Structure formats: structure tokens, C-alpha cells
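# Could you look at this predicted model? Sequence included:
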Amino acid sequence: MADFMTQTTTMTCPLWRRLLALLYDLVAVLAIVMVVGLLCQLATHGQLITTGAQVHIAWWYQPLQGLVVAAYFLISWLRGGQTLGMRPWRIRVAGSSGARLTLKQALLRLFAAALPLLWLLLAPALGLRVALWAVAAAWLVWFLVALFDRRHRAVHDLLAGSELRRTG
């Protein structure tokens, strides 16, 4: 615990640094999703996604992908407070007091950050393009809040009682 706190300064992380780290994490998430997809294709002998009159995706595939991506973030935040994208930008997620995130905080942060994805449920009614723009707009609002918060916290940080801090 003391080691974690000595590595994290009290300087909060500006929005631009957070977004660049998130961009790096997007690359890591894409790689994870591709590996899981390959393993699932191999396990189903190429029958994971079938085409014909309609495209059919195995019912368990998308929830599995969601669980694997969620596990990436949860494990990263709980083990060392950093995802792969946070490391080069020297930022770490911590509780408001500077301590490691608790499991409850990490889960709250994860669910709050993923909440805009619920707009995708409207895709059948509104169309995929509109649903994707709604997700992007919601995430924009989620992160723009950090511009007005004194400690640069986004909505998911406010809800979870966490913040990003500079390290080193």
C-alpha cells in the first residue's frame, strides 16, 4: 500500500493526457478482441459467425467479448492502477485519497464508463449509425465533465470516487 501511494503524486491528470492513454488502450482492446475472436473461431471450427440470408453470431460471443474487455480494465486497475495505455503517459487510477481502488470502486468505475453503450440497444429501432453517434455523444459528455471539475475527474470517476493522477 505504501509503495502504491509513494508512486502516485497529488497532481491530477489533464483531459488530453487521459484521452491519449485511452487511445493507446483502444489498440490493446482491439488486439484482445481479435485474439478472443480467433480462439472462438477455432473452437467452433469456423461456425462462430454464419452467413446466409441473415448473419448469425453465436449468442455467447458478444457477452464473452464484453467480459474479456471488462476483465482487462478491472485487472489493470486493481493490480497496479494502470492499463497498458496509462503506463507511457505516466498516469495511475487511484481512490480520492490516493489509495488503490477497491473492487467496489473499480466495478463502479467500469459500469459507469460503459453506461453509454446502452444506447446500442436502440440500434434496431434507430439504426446502427444513430446508436453509435449517441454512444459517442454520451462519452463526449462523460469526459467533458473533466474540464470543469477541479481535479479533472470524468463522470465515471465522480461516481466511483476515483481519479487519475500523474506518476513519477
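It's in.

# Low-confidence ranges, the chain, go.
1-10 (pLDDT under 70).

# all helices of it, in order?
Taking DSSP state H as the test, the helices found in the chain are 2-7, 15-43, 61-79, 103-114, 123-126, 128-148, 155-160.

# Could you dump the ones you listed into JSON lines and include mean neighbour count?
Backbone N, C-alpha and C define where each C-beta goes, glycine included. Shown next, in JSON lines, are the helices of the chain (neighbours: other CB atoms under 10 Å):
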{"stretch": "helix 2-7", "mean neighbour count": "11"}
{"stretch": "helix 15-43", "mean neighbour count": "14"}
{"stretch": "helix 61-79", "mean neighbour count": "15"}
{"stretch": "helix 103-114", "mean neighbour count": "17"}
{"stretch": "helix 123-126", "mean neighbour count": "11"}
{"stretch": "helix 128-148", "mean neighbour count": "14"}
{"stretch": "helix 155-160", "mean neighbour count": "21"}
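
# can you redo the ones you listed as TSV with distance to Val55?
Shown next, in TSV, are the helices of the chain (distance: least, CB to CB, whole Å):
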stretch	distance to Val55
helix 2-7	46
helix 15-43	15
helix 61-79	12
helix 103-114	24
helix 123-126	14
helix 128-148	13
helix 155-160	32
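
# Select, out of those helices, the one closest to Ser97.
Nearest of the helices of the chain to Ser97, taken as CB to CB: helix 2-7 at 8.8 Å.

# and Ile162, what does it touch?
Careful, residue 162 is Ser; it's not Ile. Residues near Ser162 by CB atoms under 8 Å, 6 or more residues apart in numbering: Val93, Ala94, Gly95, Ser96, Leu101, Gln105, Arg109, Arg153, His156.
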